[in-house]
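Student: requesting a structural model of the entry that follows:
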Amino acid sequence: MKTVHCVKLKEDLPALESAPIPGAVGQKILEQVSAKAWKLFEEHFIMVTNENRLDLMDESTNRIFFEHIDSFLFQDNAQVPQGYVPPAS
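Tutor: Next up is the predicted model:
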């Protein structure tokens, strides 16, 4: 299994098998982000989508998606939506 030094989690972890999205950003993710960190991002963006009631068919959601990729994975400064209350365990 291929590994990558994950820019998000700061350790060597199993890599993604293929780019999760097309294009240069997808290639950057493939080269720098572990499968575990991508899974964390997916969970984060599902929460953002639900809390902000984003329409996945709206082009503005695509912009928000890429902004969150950058802030969550590469800048490590992603914010949860204002008023978000995590579900009780």
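Student: quick one: residue 63 from residue 25, how far?
Tutor: According to C-beta to C-beta, to the nearest Å, residue 63 and residue 25 sit 12 Å apart. All C-beta spots, glycine's among them, are computed from the backbone N, C-alpha and C.
Student: between these two, tell me which one has more neighbours.
Tutor: Using other C-beta atoms under 10 Å as the criterion, residue 63 and residue 25 rank with residue 25 on top: 17 against 10.
Student: what sits up against the host helix or strand of that one?
Tutor: Using DSSP states H and E, residue 25 falls within helix 23-32. With contact meaning C-beta atoms under 8 Å, 6 or more residues apart in numbering, helix 23-32 is reached by 4-7, 15-16, 18-21, 38, 66, 69, 73-74.
Student: quick one: residue 32 from residue 21, how far?
Tutor: 14 Å.
Student: comparing these two, which shows the higher neighbour count?
Tutor: residue 32 (16 against 13).
Student: got the contact list for residue 68?
Tutor: Here residue 68 is in contact with 41, 44, 45, 48, 78 (C-beta under 8 Å, 6+ apart).
Student: please redo it, this time with the cut-off set to 6 Å
Tutor: By C-beta atoms under 6 Å, 6 or more residues apart in numbering, the contact set of residue 68 is residue 45.
Student: for it, helix, strand, or coil?
Tutor: What DSSP: H, G, I helix; E, B strand; the rest coil gives for residue 68 is helix.
Student: ramachandran angles for residue 2?
Tutor: For residue 2, the backbone dihedrals are phi -70, psi 140 (criterion: degrees, to the nearest 10).
Student: surely it touches residue 16?
Tutor: No - using C-beta atoms under 6 Å, residue 2 is not in contact with residue 16, being 8.8 Å away.
Student: of the two, which one has the most company?
Tutor: residue 16 (19 against 9).
Student: ok, now how distant is that one from residue 42?
Tutor: Look at residue 16 and residue 42: by C-beta to C-beta, they are 11 Å apart.
Student: give me the residue at the spatial middle of this structure.
Tutor: Central residue of the chain (C-alpha atoms, centre = their mean): residue 41, 2.9 Å from the mean position.
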